[in-house]
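S.K.: When you get a sec, could you give me coordinates for this:
(one chain, ligands or ions: 2)
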Amino acid sequence: MRVLASVLRDYEDLGLEELELDDPGPGEVLVRILAAGVCHSDYHVVSGDLPLPTPMVLGHEGAGVVEAVGGGVSRVRPGDAVVLNWLPSCGHCRYCLDGRPELCRQPAVAAQHGTLPGGRTPFRRPSTGEPVYQFSLTGAFAERTVVPEAGVVPLPPGVPAHEAALLGCSVLTGTGAVWRTARVQPAESVAVLGTGGVGLNILQAARLVSAWPRIAVDANPRRLETAQGLGATHTVLAGQGGELDRILELTDGTGVDAAFEAIGRPETMALAFNATRPGGRAVLVGVAPPHVDLRVNAFAFPSQAKTLTGCWYGQSWPARDIPALARLHAAGVLTLESLASRRYRLDQLEEALQAMLKGTVTRALILPSG
Ligand SMILES: [Zn+2]
Ligand SMILES: [Zn+2]
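M.R.: Ligands and ions are numbered 1, 2, ... in the order given. Next up is the predicted model:
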């Protein structure tokens, strides 16, 4: 089958191409993509900060409809509305059995190679037969893609694809960081450094468990305004110095119970750690390039017993948590509509990435099928 896809040909070189897409093999599912969010991780590949094989179809935060299934697939059928899960864990390794499927090695290794778990990629250039890799076992910036059965999560009815797509990365990651990794309790104080797609969901999740105050820190005043709409009780404009002092001031000089870094830069990661009170938790959610090291004060570990930890994919169980988040949205509890502020065609990915980098959109959505 021929499909249109936005292909990363080489670093910083994106273009629309018609590709050949294989039929789904055993245990695989063909999904027509209705909406796909543009995430910072996609940009990390475009810029080369996250070195992955090219040519590659990016996009990992998607929703759509199952069109065909391969042999042995039992959890979904053609016609089912689904969200893509970019971390389809194996289900039987020690991490999966420990209840930590986000640490499963199987999807991590496949993602490094840009392929499905068996080592093949379903996309090819029709003229040459050259394989075109897929980002994180998904490849959502295409009209259709083929993913493992565990790479789709069926949606309860009532959530349109352009909202459901966000559940597949930014919402799952942000809410999980607060509810599962930091386990924020009512009346605990939080600070969120970086209010992009994930940061906004950290604020929203903190609001839903009645954390207070909820301090948003960002260098972009427009993003801080959006943050206020989604749960920030206080905002701190970054980039002028004094961010740490301001957070301490808002927490009686102690620092917050839980600080979250959602940018992926060592300076803001260190700020998150320094803004955490003794005994509190600093959670690193932002993805830094693989070669970057972090410097924090060593004395603070024994003397202040702070926890510095990270969180991958919201420490979630996608098959359990994505439907639960969809139900919260349907009940009017969880906001999705104001998270995605602008829609783009498949051939406008470059423009959407620029808008994300400039912070002129909350989340840019690509609508691959029209
Ligand atoms: Zn993402
Ligand atoms: Zn596993």
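S.K.: what stretches of the protein score poorly on pLDDT?
M.R.: Counting by pLDDT under 70, the ranges of the chain that qualify are 370.
S.K.: Break down the stretch 51-200 of the chain into its helices, ranges please.
M.R.: 94-97, 105-113, 161-166, 172-176, 197-208 (DSSP state H, counting those that start in this stretch).
S.K.: With distance to Pro26 and mean neighbour count as extra columns, can I get those in CSV?
M.R.: Quick note: C-beta positions are derived from backbone N, CA and C, even for glycine. Compiled in CSV, the helices of the stretch 51-200 of the chain are given as follows (distance: least, C-beta to C-beta, whole Å; neighbours: other C-beta atoms under 10 Å):
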stretch, distance to Pro26, mean neighbour count
helix 94-97, 20, 14
helix 105-113, 16, 17
helix 161-166, 27, 25
helix 172-176, 27, 27
helix 197-208, 34, 28
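S.K.: Tabulate these (a markdown table), appending distance to Leu16.
M.R.: What follows is the helices of the stretch 51-200 of the chain, written out as a markdown table (distance: least, C-beta to C-beta, whole Å):
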| stretch | distance to Leu16 |
| --- | --- |
| helix 94-97 | 37 |
| helix 105-113 | 24 |
| helix 161-166 | 20 |
| helix 172-176 | 28 |
| helix 197-208 | 24 |
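S.K.: Ok, which of those comes nearest ligand 2?
M.R.: Closest approach to ligand 2 among the helices of the stretch 51-200 of the chain (C-beta to the ion): helix 94-97, 3.4 Å.
S.K.: wait, does that closest one make contact with ligand 2?
M.R.: Yes: counting by C-beta under 5 Å from the ion, ligand 2 has neighbours in helix 94-97: Cys96.
S.K.: closest point of the stretch 101-250 of the chain to ligand 1, which residue?
M.R.: Counting by C-beta to the ion, the stretch 101-250 of the chain gets nearest to ligand 1 through Cys169 (3.4 Å).
S.K.: Let me see the contact set for that residue.
M.R.: 37, 39, 41, 60-61, 86, 197-198, 313 (C-beta atoms under 8 Å, 6 or more residues apart in numbering).
S.K.: what about Ala340, which SS state?
M.R.: At Ala340 the chain is in coil, as set by DSSP: H, G, I helix; E, B strand; the rest coil.
S.K.: what separates it from ligand 2, distance-wise?
M.R.: For Ala340, the distance to ligand 2 equals 31 Å [C-beta to the ion, to the nearest Å].
S.K.: Ok, Pro221 next?
M.R.: Between Pro221 and ligand 2 the computed distance is 43 Å (C-beta to the ion).
S.K.: Phi, psi for the closest residue to that residue other than its chain neighbours please.
M.R.: Leaving aside its sequence neighbours, Pro221 sits nearest to Leu237 (C-beta to C-beta, 6 or more residues apart in numbering; 6.1 Å). Main-chain torsions, Leu237, degrees, to the nearest 10: phi -80, psi 120.
S.K.: Surely Leu237 is in contact with Arg222?
M.R.: No: here Leu237 does not reach Arg222: they are 10.9 Å apart, not a contact under C-beta atoms under 8 Å.
S.K.: Would you map the strands across the stretch 251-370 of the chain?
M.R.: 256-261, 276-284, 307-310, 342-344, 364-366 (DSSP state E, counting those that start in this stretch).
S.K.: Out of those strands, the one nearest ligand 1 is which?
M.R.: Nearest to ligand 1, of those and by C-beta to the ion, is strand 364-366 at 12.3 Å.
S.K.: Give me the helices and strands touching the closest one, please.
M.R.: For strand 364-366, the elements it packs on are strand 28-37, strand 342-344, helix 349-358, judged by 3 or more C-beta pairs under 8 Å, 6 or more residues apart in numbering; DSSP states H and E.
S.K.: any idea how this structure splits into domains?
M.R.: Following automatic domain parsing, the chain resolves into domains at 2-154+340-366, 175-312.
S.K.: Any chance of those domains in TSV with distance to ligand 1 as columns?
M.R.: What follows is those, written out as TSV (distance: least, C-beta to the ion, whole Å):
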stretch	distance to ligand 1
domain 2-154+340-366	3
domain 175-312	8
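S.K.: and Leu325, which of those is closest to it?
M.R.: Closest approach to Leu325 among the domains of the chain is made by domain 175-312 (6.6 Å; C-beta to C-beta).
S.K.: quick one on the thing from earlier: redo the strands of the stretch 251-370 of the chain as TSV? Include mean neighbour count.
M.R.: Converted to TSV, the strands of the stretch 251-370 of the chain look like this (neighbours: other C-beta atoms under 10 Å):
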stretch	mean neighbour count
strand 256-261	28
strand 276-284	22
strand 307-310	15
strand 342-344	17
strand 364-366	25
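S.K.: closest to ligand 2 out of the ones you listed?
M.R.: Ranking those by distance to ligand 2, with C-beta to the ion as the measure, places strand 307-310 first at 18.5 Å.
S.K.: Output that closest one as PDB, restricted to C-alpha atoms.
M.R.: This file holds the C-alpha atoms of strand 307-310, laid out as PDB (Å, rounded to 0.1, in the frame of the first residue of the first chain):
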ATOM      1  CA  THR A 307      15.500  12.400  46.100                       C
ATOM      2  CA  LEU A 308      16.600  13.100  42.600                       C
ATOM      3  CA  THR A 309      14.900  10.700  40.100                       C
ATOM      4  CA  GLY A 310      13.600  10.500  36.600                       C
END
